[in-house]
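K.L.:
The following block contains a protein sequence and its predicted model.
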Amino acid sequence: MNSFIGGQGRESLHIYVDAYEIYKEYGKLAELEQFCEKTMKDWPDRQRLQASANFTLGLIRKEKDMNKAKEHFKKAKELGVTAEMYKVTRNHPGTEKIVVDAFKLIG
């Protein structure tokens, strides 16, 4: 995971959403959850990284604990995540919609 995210841009939400989709497909979200938690502890001063990790934790926790998920989405938004930052691209067609849908949950 470190190689994938670290090599691709540790702070990019596009990459975290890619990882989320892959880990979800293979039933490995617990591993991604641990990675995000560790990353947040290891890099407390990197705002964009904190935002991406929080957003990803929101996605992971949405099914288990909606209140926790909302807290993570709110924190990601406070740290600067916006749908406008993640417009549709050929390689990342769904990130913008994922952000829009997540932020609808927090109003």
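P.N.:
Yep, it's here. Quantities reported herein were computed from a predicted structural model and do not represent experimental measurements.

K.L.:
rest of the way, CA atoms for contacts and neighbours
P.N.:
OK.

K.L.:
Contact partners for the residue nearest to the spatial centre of the chain?
P.N.:
Using Cα atoms, centre = their mean, the residue of the chain that lies closest to the mean C-alpha position is residue 56, 2.5 Å off. For residue 56, the contact set (Cα atoms under 8 Å, 6 or more residues apart in numbering) comprises 16-17, 20, 33, 36.

K.L.:
mind checking which helix or strand it is in?
P.N.:
Element membership of residue 56, judged by DSSP states H and E, is helix 47-61.

K.L.:
State the mean pLDDT of that helix.
P.N.:
The predicted model assigns helix 47-61 a mean pLDDT of 96.

K.L.:
tell me how far it is from the chain's mean position?
P.N.:
4 Å (Cα atoms, centre = their mean, to the nearest Å).

K.L.:
which parts of that helix are buried?
P.N.:
Buried positions in helix 47-61, judged by neighbour count with 16 or more other Cα atoms under 10 Å: 48-61.

K.L.:
Including distance to residue 75, could the residues you listed go into JSON lines?
P.N.:
Listed next are the buried residues of helix 47-61 as JSON lines, based on distance: Cα to Cα, whole Å:
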{"residue": "48", "distance to residue 75": "11"}
{"residue": "49", "distance to residue 75": "12"}
{"residue": "50", "distance to residue 75": "9"}
{"residue": "51", "distance to residue 75": "7"}
{"residue": "52", "distance to residue 75": "10"}
{"residue": "53", "distance to residue 75": "10"}
{"residue": "54", "distance to residue 75": "7"}
{"residue": "55", "distance to residue 75": "8"}
{"residue": "56", "distance to residue 75": "11"}
{"residue": "57", "distance to residue 75": "11"}
{"residue": "58", "distance to residue 75": "10"}
{"residue": "59", "distance to residue 75": "13"}
{"residue": "60", "distance to residue 75": "15"}
{"residue": "61", "distance to residue 75": "14"}
